[in-house]
Every structure is written in C-alpha cells, then in structure tokens.
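K.L.:
with the input below, show me the fold.
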Amino acid sequence: MLKGTKIYSIFTGACPKCHQESMYETKNPYVLSDVLKIKDNCSKCGTRYRIEPSFFYGSMYVSYAVGIAFATAAFFISYLFLGSSLTTAFVAIVATLIVCGPIIMRLSRNIWINLFMNYDKNLVKK
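P.N.:
You can find the predicted model right below:
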C-alpha cells in the first residue's frame, strides 16, 4: 500500500530507488554485530548505497532528533499517561533509548539516505 513512498523505504529499510530489497546485510537490527552493515549495491536495480566515503556520518544528526522523539514519547507515556514519578520517567527514557538503540540507528540511516534518493517506478520490474 505504501510501496513507492519514502515512508515505506524509511520504515522497512528497503532500497530507496526500487523498494525491492533491504539495504542491510541482516534484516534484524538486534544482531548487534551486523546492525550497521549495509550492502554496497542493490541487487535489483544496482543503486549504490554509499554515495561517497563517510556518507552516513550525516545520519548522526538525524539520530539525535530520532532519539529525542523516542525519549519524549517515553516521558509522555510513563509520566503523563501512567502517572509515574520523575525518577521512574527518567529510568523509562534511559531504558527506551538502550532497548531501541539499534532501531534508532537504522531508522536514522534510512531517513538520511532517503533525503538524497527518490523512488523510481521505472526501475520496478512488472
């Protein structure tokens, strides 16, 4: 349904050009030894994921914003909705950032590459 949109590529980690395969060697972000291992090219459309050396360093800035979003959500859920103390809310924020760290890293990389590449419907084989 969302295939062909940037949202699809960002949340699935699919190739930003063709959306046919994952950019990552391992689909599961919790395999910590492989969390940032990205393929060189898409096997379906040939798109190079590493546009230039150190391309994904820029995703660190995106990671900060995504981390703040996760921390804010953890605060609102624990403090405002569940009525916990500030100390418990702080622990909830730290736990959320630790548990969701691999997801935040991948999500940040997906957002970063999708800022520079667009979906091309002509690359999709019918």
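K.L.:
residues in contact with the closest residue to residue 22 other than its chain neighbours?
P.N.:
Distance criterion C-beta to C-beta, 6 or more residues apart in numbering; nearest residue to residue 22, sequence neighbours excluded, is residue 13 at 5.1 Å. Every residue, glycine included, has its C-beta placed from N, CA and C. Residues near residue 13 by C-beta atoms under 8 Å, 6 or more residues apart in numbering: 22, 23, 24, 27, 106, 110.
K.L.:
beta partners of the first one?
P.N.:
With DSSP bridges as the criterion, residue 22 is bridged to residue 14.
K.L.:
and the nearest residue to residue 25 once chain neighbours are set aside, how many neighbours?
P.N.:
Leaving out its chain neighbours, the residue that sits closest to residue 25 by C-beta to C-beta, 6+ apart is residue 37, at 4.2 Å. Using other C-beta atoms under 10 Å, residue 37 has 11 other residues around it.
K.L.:
kindly report the same for residue 108.
P.N.:
Counted with other C-beta under 10 Å, the neighbours of residue 108 add up to 22.
K.L.:
what of the one 10 residues further on?
P.N.:
Taking other C-beta under 10 Å as the criterion, the count of residues near residue 118 is 10.
K.L.:
just residue 112 next, same as before
P.N.:
Neighbour number of residue 112 under other C-beta under 10 Å is 19.
K.L.:
about what we covered before: list buried residues within the contacts of residue 13.
P.N.:
Neighbour counting over those (16 or more other C-beta atoms under 10 Å) leaves 23, 24, 106, 110 as the buried ones.
K.L.:
list the residues that contact the residue most central in space within the chain.
P.N.:
By C-alpha atoms, centre = their mean, the chain has its centre lying nearest to residue 107, at 1.0 Å. Shown in contact with residue 107 (C-beta under 8 Å, 6+ apart): 10, 11, 66.
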